[in-house]
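Student: With the input below, show me the fold.
(one chain, ligands or ions: 1)
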Amino acid sequence: MSTCIGILTGGGDCPGLNAVIRAVVKSATRLGWETLGIRNGYEGLLTPMACMKLDHREMGGLLTSGGTILGTTNRGRFAAKTGHGEAQGIPQEILSEAKRNFHSMGLRALVCVGGDGSLSIAQQLYDHGIPIVGVPKTIDNDLEATQSTFGFDSAVACATDALDRLHTTAASHNRVMVLEVMGRYAGWIAAHAGIAGGGDILLIPEIPYTYEAICKKIAEREAMGRLFTLVVVAEGAHPKGGAFVTHGEQAKDREARLGGVGEQVAEEIAKRTGKETRTVVLGHLQRGGGPTCADRLLCTRFGAAAVKLIQEEKYGRMVALRGNDTISVPIPEAIGRLRTVPPNGDIVETARMLGVSFGDEV
Ligand code: F6P
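Tutor: Numbers count the residues shown, from 1 in each chain. Next up is the predicted model:
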């Protein structure tokens with residue numbers, strides 16, 4: 001049997017990808033295996049010359065660095081999602097070409113690191129006969145099958161830092177500051193950073209808002225002498241009965257690009273309250289830079305667990321976090337199942353106990 005495994009990073013990047021690569025290479029080396037890095041996401045499976053040998057002696061610095069040394073893409077011939085997340089079938093000839101190349105590279109198995117879209121590609125490759133294991137990645141933390149994805153903690157740290165900074169300038173000017181954060185159709189980043197950063201109003205996709213409720217909260221704060229307000233808006237938040245705000249025209253082979261709701265919320269608050277408002281869209285700052293300690297640990301656990309799955313020849317599975325343990329689940333149990341913030345769950349309840357508004361109570 002071959003003693004060489006492949007690894008690729010697919011979809012959008014996020015902090016911790018390099019830490020997973022490092023963990024895979026180091027664990028594989030200890031088993032006497034080599035690791036081949038496939039460049040540029042799944043596209044690299046169609047251009048095998050573009051792969052690179054990953055030597056365990058060259059893993060220095062990867063634990064803490066941002067991005068992915070392998071490159072990634074959420075475009076190209078494997079693009080798997082459209083609109084609201086429906087998976088598209090990958091053409092048979094592309095899958096067959098990938099399989100031929102997988103064999104010509106002499107690989108034993110392939111580690112696919114990615115979010116929902118990338119894992120649905122992984123499953124199609126597995127169904128086509130390629131031994132695959134998946135590692136869940138996304139700053140959105142929206143995969144049902146794992147308690148946590150890596151990249152999330154780093155994104156929350158970034159958004160919390162932004163809120164800390166906005167806090168002081170908001171207070172100095174008695175302004176309403178609106179911070180728009182990522183997260184797609186899940187409000188995890190907004191909810192966690194909102195609480196950790198002391199936000200006053202958190203708008204998340206799971207709880208549609210009304211401007212009456214938002215302005216009432218601002219008025220209540222004013223009445224208590226709190227003349228500034230911090231609003232955290234998830235990019236997928238929307239008013240009651242309203243739609244997601246999207247950015248530009250949607251490309252054929254891509255998911256809708258969310259963005260712009262922060263500015264809408266800020267403008268409406270200014271109109272209704274007369275208060276000076278400012279908007280900050282945190283955007284890709286949340287995805288850049290190195291991972292937090294918690295993400296470094298999670299990436300290392302996930303990378304090592306992925307190699308263990310290969311050692312045990314348990315393919316078509318994704319590593320996941322359940323309680324305090326790293327487990328694995330069949331990839332189909334992980335894809336197409338969005339994990340959203342429970343509107344009556346602990347996180348929302350905690351915030352409400354502190355008087356935080358979700359823009360839904362008048
Ligand atoms: O899924 C991760 C994510 O960062 C979302 O939070 C965001 O909506 C999207 O990717 C942005 O994608 P892109 O980098 O393609 O604009």
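
Student: So for residue 34, what pLDDT did the model give?
Tutor: In this prediction, residue 34 carries a pLDDT score of 98.

Student: Can you show me the strands along the protein?
Tutor: 4-9, 34-37, 52-54, 81-82, 86-87, 109-114, 132-136, 176-181, 201-203, 229-234, 277-281, 317-322, 325-330 (DSSP state E).

Student: Turn these into a markdown table, including distance to the ligand and mean neighbour count.
Tutor: (Glycine included, C-beta is placed from N, CA and C.) Formatted as a markdown table, these follow (distance: least, Cβ to the nearest ligand atom, whole Å; neighbours: other Cβ atoms under 10 Å):
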| stretch | distance to the ligand | mean neighbour count |
| --- | --- | --- |
| strand 4-9 | 13 | 26 |
| strand 34-37 | 21 | 21 |
| strand 52-54 | 24 | 16 |
| strand 81-82 | 10 | 19 |
| strand 86-87 | 15 | 14 |
| strand 109-114 | 10 | 28 |
| strand 132-136 | 12 | 30 |
| strand 176-181 | 8 | 28 |
| strand 201-203 | 15 | 28 |
| strand 229-234 | 9 | 29 |
| strand 277-281 | 11 | 18 |
| strand 317-322 | 17 | 22 |
| strand 325-330 | 20 | 16 |
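
Student: worst average pLDDT in those strands?
Tutor: Mean pLDDT is lowest for strand 81-82 among these, at a mean of 52.

Student: quick one: pLDDT of the closest residue to residue 308 other than its chain neighbours?
Tutor: For residue 308, ignoring the flanking residues on the chain, the nearest one in space by Cβ to Cβ, 6 or more residues apart in numbering is residue 27 at 7.5 Å. You'll see residue 27 listed with a pLDDT of 98.

Student: could you check the distance from residue 27 over to residue 15?
Tutor: 20 Å (Cβ to Cβ, to the nearest Å).

Student: before we move on, what about residue 236?
Tutor: The value you get for residue 236 to residue 15, if Cβ to Cβ is used, is 21 Å.

Student: the more surrounded of these two?
Tutor: residue 15 (30 against 26; other Cβ atoms under 10 Å).

Student: Pretty sure that one sits against residue 294.
Tutor: No - Residue 15 is beyond contact range of residue 294, at 10.7 Å (criterion: Cβ atoms under 8 Å).

Student: So what's the residue count around residue 354?
Tutor: Around residue 354 there are 9 residues (other Cβ under 10 Å).

Student: How much space separates it from the ligand?
Tutor: 26 Å (Cβ to the nearest ligand atom, to the nearest Å).

Student: Test for you: state the pLDDT assigned to that residue.
Tutor: Model confidence at residue 354 (pLDDT) stands at 98.

Student: which residue packs closest to it, ignoring adjacent ones?
Tutor: residue 195 is the one closest to residue 354 (Cβ to Cβ, 6+ apart), at 7.9 Å.

Student: Quick one: neighbours of that neighbour, just the number.
Tutor: 20.

Student: so who does it touch?
Tutor: Applying Cβ atoms under 8 Å, 6 or more residues apart in numbering to residue 195 gives the contacts 202, 347, 350, 351, 354, 356.

Student: could the residues you listed go into CSV alongside distance to residue 362?
Tutor: Shown next, in CSV, are the contacts of residue 195 (distance: Cβ to Cβ, whole Å):
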residue, distance to residue 362
202, 16
347, 22
350, 22
351, 17
354, 19
356, 16
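
Student: Between these, which sits nearest residue 111?
Tutor: Within the contacts of residue 195, the smallest distance to residue 111 is 31.4 Å, found for residue 347 (Cβ to Cβ).

Student: Of all the residues in the protein, which one is nearest the ligand?
Tutor: Residue nearest to the ligand within the chain: residue 182 (3.2 Å; Cβ to the nearest ligand atom).

Student: show me the contacts for that residue.
Tutor: 139, 140, 155, 189, 234, 235, 282, 283, 286, 287.
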